[in-house]
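Undergrad: curious how this folds, go ahead:
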Amino acid sequence: MRHLLLLLLAGCAVDAPADDDTTLGGKADGISGNGCTRPAMFVMGTPRNFGVAPGGPIQMSCVDQNWQVDELFAGTGLVFGAGAFKFHDTGNWANGTNWGDSQPFDGKAEAFGDGNDITIQNPGWYRLRFNDRTLEYDITRRPSQCTSMTMNVRGTFNGWSTQPMFCVGQNEWAAIPMLIGRDQDIKFDTGDWSKNWGDDNHDGVADRNGANIHFFDPGRYLITFNEATGAYNARLVSASCSWPTMYLRGSWNGWQPTPMECENGHYALNVDGNVQFKFDAYGDWSTNWGDNNADGWADRNGANLTTTGHHHVHFYNEQRYAFDRHD
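TA: Next up is the predicted model:
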């Protein structure tokens, strides 16, 4: 998969108007013609690990001669905006045809291609429609409105600090925290512990001032929480990375820290041009890696790495790194 570097400021969650059904991206005038010409169609995107385990493809339904599905995008915006996806006719990257759209997005999908994932910038539930005859698609954000101004996930994974959640539905909040290591606890909180929720009886319905919600296994989880009903859910998106954060610093950004995105258990970021760079765990140079002998294994405080062209740069848990050229 090819990923676009689109940054989304993750700050405080902002409620959308209750009647917000504006089409974002795709064709503003909708799609036409009789589609559904193939036996099936799927969406392969970041909410489900781009269609591979532990995620998987989400199947679309044929509605009014167009393929359609609703999907929740709640990414933090470090690399993929709120999320990114492609359409795929088999749901298996090993065969079939996939479609994306090169920037600037024009609502007309292109078969295959490199670096043309369709990117969602604002978190929320989206209705995705695709006509596999005309290749037109549209993307519509569903209404969202929440009672509280903010909501956070707090837990052992972040030292009980706050990770903002996003208002994505009617009193529905969502976020994708990364739990590193087994046996992690979380709670939901508006910001100062005056209104917080746990779960006293482990029934999937949160209780005010309730007990910590326990996770046995590590990973990146898509967590939703309805503050009106207390219902919450967690779905494993991908493996966690071994470091809580990772940054890329180099000549292309004035050696300032640019956050990398944890994808399927390792960090990644797109880099363009003839550049030198290093990996930095915390963005303060205290723990950084280069490579002294160009062997693909990073060395602590090592020499600068160099790339030329457009690369998708990877940093793996065991300090192995790689980059794929995509010109």
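
Undergrad: hmm, which helix or strand of the chain has the shakiest average pLDDT?
TA: strand 23-26 (a mean of 44; mean pLDDT, DSSP states H and E).

Undergrad: can you name the next helix or strand after it?
TA: strand 42-45 (DSSP states H and E).

Undergrad: any low-confidence regions in the chain?
TA: Per-residue confidence for the chain (pLDDT under 70) gives these ranges: 1-33, 77-80, 325-327.

Undergrad: go ahead and flag the most central residue of it.
TA: Gly75 (3.6 Å; C-alpha atoms, centre = their mean).

Undergrad: Lys195 contacts Ser148, doesn't it?
TA: Yes - if you go by C-beta atoms under 8 Å, Lys195 and Ser148 touch, sitting 7.1 Å apart. Where you see a C-beta, it was placed from the backbone N, CA and C, and this is true even at glycine.

Undergrad: so for these two, which residue has more residues nearby?
TA: Neighbours per residue, other C-beta atoms under 10 Å: of Lys195 and Ser148, the larger number sits with Ser148, 17 against 14.

Undergrad: got the contact list for Leu275?
TA: Just to correct that, residue 275 is Val rather than Leu. 250-252, 306-308 (C-beta atoms under 8 Å, 6 or more residues apart in numbering).

Undergrad: make a PyMOL selection of whichever of the residues you listed turn out to be buried.
TA: For the buried members of these, the matching PyMOL selection, counting by 16 or more other C-beta atoms under 10 Å, is:
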select buried, resi 250+252+307
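
Undergrad: looking at this, Arg48 is in a strand?
TA: No - under DSSP: H, G, I helix; E, B strand; the rest coil, Arg48 sits outside any strand and is assigned helix.

Undergrad: what is the neighbour count of it?
TA: 25.

Undergrad: any idea how far Asp192 is from it?
TA: 34 Å (C-beta to C-beta, to the nearest Å).

Undergrad: just Ala239 next, same as before
TA: If you go by C-beta to C-beta, the gap between Ala239 and Asp192 works out to 33 Å.

Undergrad: counting neighbours, go ahead and name the busier of those two.
TA: Between Ala239 and Asp192, counted using other C-beta under 10 Å, Ala239 has the larger neighbour count: 20 against 10.

Undergrad: surely the more buried one meets Gly219?
TA: Yes - contact criterion C-beta under 8 Å: Ala239 and Gly219 qualify, at 5.9 Å.

Undergrad: now do the shared contacts for the two.
TA: Pro54.

Undergrad: how about the strands of the stretch 1-150 of the chain, start to end?
TA: All strands of the stretch 1-150 of the chain, identified by DSSP state E, counting those that start in this stretch, fall at 23-26, 42-45, 58-59, 61-63, 66-73, 83-88, 98-100, 110-111, 118-120, 124-130, 137-141.

Undergrad: report the contact partners of the nearest residue to Val205 once chain neighbours are set aside.
TA: If the residues on either side of it in the chain are set aside, Val205 comes closest to Gly230, at 4.5 Å by C-beta to C-beta, 6 or more residues apart in numbering. Each residue near Gly230 by C-beta under 8 Å, 6+ apart is listed here: 197, 205-207.

Undergrad: so Gly230 versus Ile186, what's the distance?
TA: 15 Å.

Undergrad: Gly115 too?
TA: 35 Å.

Undergrad: neighbour count winner among the two?
TA: Ile186 (26 against 17).
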